[in-house]
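Asker: Here is the input, now give the coordinates:
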Amino acid sequence: MNVIHRRALAAAPDPERLRAELVDDYTRRLVHPYYAAERGLVDDVIDPVRTRIEVARGLAMLRTKRRAGPQRKHGNVPL
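Answerer: This next block holds a predicted model:
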């Protein structure tokens, strides 16, 4: 907050109080998983009670996943 609102904090009669208000406002508006979900930054927001179930489901889905090796562009050149 000191960088973003530097001028407002410098001009404020009580910069510590203003800083606390700005931090509180930021926390209320932006520090929750739904903010990230609205912007597509996370795939899903799950209830903490379902965490174990969702992790197990994700691991089960990946159990059979195989990654193919890189395609060789050139073979061994005889010297």
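Asker: use CA for all of it now, contacts and neighbours both
Answerer: Noted.
Asker: how near is Gln71 to Val77?
Answerer: 16 Å (CA to CA, to the nearest Å).
Asker: ok, now Arg66?
Answerer: The value you get for Arg66 to Val77, if CA to CA is used, is 30 Å.
Asker: Same question for Tyr26.
Answerer: For Tyr26, the distance to Val77 equals 61 Å [CA to CA].
Asker: same thing with Lys65?
Answerer: Lys65 is 33 Å from Val77, by CA to CA.
Asker: More neighbours: which of the two?
Answerer: Taking neighbours as other CA atoms under 10 Å, Lys65 and Val77 compare with Lys65 leading, 8 against 5.
Asker: Just the buried residues of stretch 15-26, please?
Answerer: Buried positions in stretch 15-26, judged by neighbour count with 16 or more other CA atoms under 10 Å: 19, 22.
Asker: Give me the neighbour count for Gly58.
Answerer: Gly58 has 11 nearby residues by other CA under 10 Å.
Asker: Distance-wise, check it relative to Gly40.
Answerer: With CA to CA as the criterion, Gly58 and Gly40 are 19 Å apart.
Asker: And Asn76, by the same measure?
Answerer: Distance from Asn76 to Gly40, by CA to CA: 45 Å.
Asker: pLDDT below threshold where in this protein?
Answerer: Low-confidence segments of the chain, defined by pLDDT under 70: 1.
Asker: Regarding it, what is its longest helix?
Answerer: helix 15-30 (DSSP state H).
Asker: For this structure, which segments count as helices?
Answerer: Listed in chain order, the helices of the chain (DSSP H) span residues 6-11, 15-30, 33-38, 51-62.
Asker: ok, and what's touching the first one?
Answerer: Looking back up the chat, that one is helix 6-11. By CA atoms under 8 Å, 6 or more residues apart in numbering, the list of residues contacting helix 6-11 from outside reads 2, 15, 18-19.
Asker: Can you list the buried residues in that helix?
Answerer: Neighbour counts over helix 6-11 (16+ other CA under 10 Å) mark Leu9 as buried.
Asker: quick one: Asp14 and Ile4, what's the gap?
Answerer: For Asp14, the distance to Ile4 equals 17 Å [CA to CA].
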